[in-house]
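Visitor: quick one: sequence and predicted model below, then my questions.
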Amino acid sequence: MARLAAVTVASLAMAVIVSAQALQKPRFLPPRLKTAELPAMPPLPAPTVSGGGEVVIEALVDRRGTVLRPAIVRATPPYTQFVLDAIVRWQFDPARDIDYKGLETVVDMPITVVALYRPPILMNAPTVGEAPKDWSKPSGDAPYPIATTMPNYPPRARTGGVVLFEVSLDEAGAVKEARAIGSTEGFESASREALASWRFKGGSYRAKPVPSTAYVLFGFRPPVGLPQLPPEERSDDPFKPPPTPAEPYKPTPTPADPYKPAPTPAEPYKPEPTPADPYKPKPTPSDPYKPEPPKPSPQKSGAAMSPKSFGILSFR
């Protein structure tokens, strides 16, 4: 009897533990993105892309994790086609439903993709271009944005960029986590700041509120008038291998010419001689008619000088 009571108590304890584990485990796991390709940016010269754009698409993630039956809820040409071309190649971990026994079942679950593209201006202001149009009503099973905010253009950026977030929502549509799937360097901070003010309507499975996921894409086009720089690689994209750095250019040295003659040394400066003055007067020649001075007569040695020779009168 005592042995039977012990077995019964052990069975009850095991059932309580299993029930507690089942209650603690989430009842529904929404799809999670595994691989993604970011949509391309439309070219700047296109006349239909002079303004911004808004795109909302609902799509079904099947049990294999493949995107099926994308439905356009809100569209702005030509951005809608860029988003559609990208999301049909996305791959997911499918949703899982946990029953009352704690067993997981892979199920189909819709997701929502929201894309906001900034117009090519610095400030948030009205621009020319085609306005977004509503194509269909939301299904009610996929989450849906009820309040959105356009991010500001980063002041230090000079090129375009794209940022993609996976937003995890609870049953009421409150944001539990925003995971950056891929982003262009310099744009994630401004995008996350804008996403913090977004509000969502939660998703449902079999008419019951369940946790869900939404995907928010922000596209930045370079403002008109700013100097354009080469686009940088997406350094924080987990699905893309890091680029191999290019080897810096090194010019090939020019070999010396063995036949090049040595340079001739420069001749030292020599001042030119000053020419004779042609206007300088010539010297006057001596007068040929000037009489020669008288020559003194020679005297004989020992002769007495007479007073006459000096013109002196003698009174003897």
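Guide: Sure, I can see it.
Visitor: for K34, phi and psi?
Guide: Geometry field for K34 lists phi and psi as phi -100, psi -50, criterion degrees, to the nearest 10.
Visitor: what of A190?
Guide: phi -70, psi -40.
Visitor: just the pLDDT at it, thanks.
Guide: pLDDT for A190: 93.
Visitor: next, the contact list for it, please.
Guide: 151-154 (C-beta atoms under 8 Å, 6 or more residues apart in numbering). Placement of C-beta: from N, CA and C, glycine included.
Visitor: pull out the buried members of those.
Guide: With burial judged by 16 or more other C-beta atoms under 10 Å, the buried subset of these is 151, 153.
Visitor: keep only those of the contacts of A190 that are in helices.
Guide: Among the contacts of A190, no member falls in helices (DSSP state H).
Visitor: nearest to S197 among the contacts of A190?
Guide: P151 (10.2 Å; C-beta to C-beta).
Visitor: in which helix or strand would I find the residue lying closest to that closest one once chain neighbours are set aside?
Guide: For P151, ignoring the flanking residues on the chain, the nearest one in space by C-beta to C-beta, 6 or more residues apart in numbering is A194 at 3.7 Å. Taking DSSP states H and E as the criterion, A194 maps to helix 188-195.
Visitor: how many other residues sit next to W198?
Guide: 18 (other C-beta atoms under 10 Å).
Visitor: apologies, that question was intended for A157.
Guide: 18.
Visitor: now S189
Guide: Burial of S189 is recorded as 11 neighbouring residues (other C-beta under 10 Å).
Visitor: show me the contacts for it.
Guide: Neighbouring residues of S189 by C-beta under 8 Å, 6+ apart: P154.
Visitor: ends of stretch 216-224, how far apart?
Guide: One end of stretch 216-224 to the other measures 25 Å (C-alpha to C-alpha, to the nearest Å).
Visitor: is it true that E193 touches V163?
Guide: No. The pair formed by E193 and V163 falls short of the contact definition of C-beta atoms under 8 Å, at 11.2 Å.
Visitor: higher neighbour count, these two?
Guide: Of the pair E193 and V163, V163 is the one with more neighbours under other C-beta under 10 Å, namely 27 against 12.
Visitor: dig out what that one forms beta bridges with.
Guide: Counting by DSSP bridges, V163 is bridged to S183, F218.
Visitor: is it true that it touches T184?
Guide: Yes. Assessed by C-beta under 8 Å, V163 is found in contact with T184 at 6.8 Å.
Visitor: count the residues that sit near the residue nearest to P151.
Guide: Neighbours around A194, by other C-beta under 10 Å: 17.
Visitor: for this structure, where's the lowest mean pLDDT among helices and strands?
Guide: Counting by mean pLDDT, DSSP states H and E, the chain has its least confident helix or strand at helix 2-24, which shows a mean of 55.
Visitor: next SSE downstream of it?
Guide: Taking DSSP H and E as the definition, the helix or strand right after helix 2-24 is strand 28-29.
Visitor: each with direction, which strands does that following strand pair with?
Guide: Partners of strand 28-29 in its sheet, by DSSP bridges: strand 95-98 (antiparallel).
Visitor: read off the pLDDT value for P263.
Guide: Looking at P263, its pLDDT reads 65.
Visitor: ok, and the closest non-adjacent residue to A147?
Guide: Nearest non-adjacent residue to A147 (C-beta to C-beta, 6+ apart): R199, at 3.9 Å.
Visitor: helices or strands next to the helix or strand containing R179 in the packing?
Guide: Using DSSP H and E, R179 sits in strand 175-183. With contacts taken as 3 or more C-beta pairs under 8 Å, 6 or more residues apart in numbering; DSSP states H and E, strand 175-183 sits against strand 161-169, helix 188-195.
Visitor: I figured K34 hits R64, correct?
Guide: No. Applying C-beta under 8 Å as the test, K34 and R64 come out as separate, 11.7 Å apart.
Visitor: so what sits opposite A75 in the bridge?
Guide: Residues in a beta bridge with A75, per DSSP bridges, are K133.
Visitor: mind listing what it touches?
Guide: Neighbouring residues of A75 by C-beta under 8 Å, 6+ apart: 55-56, 132-133, 135.
Visitor: how close does it sit to G65?
Guide: A75 sits 26 Å away from G65 when distances are taken as C-beta to C-beta, to the nearest Å.
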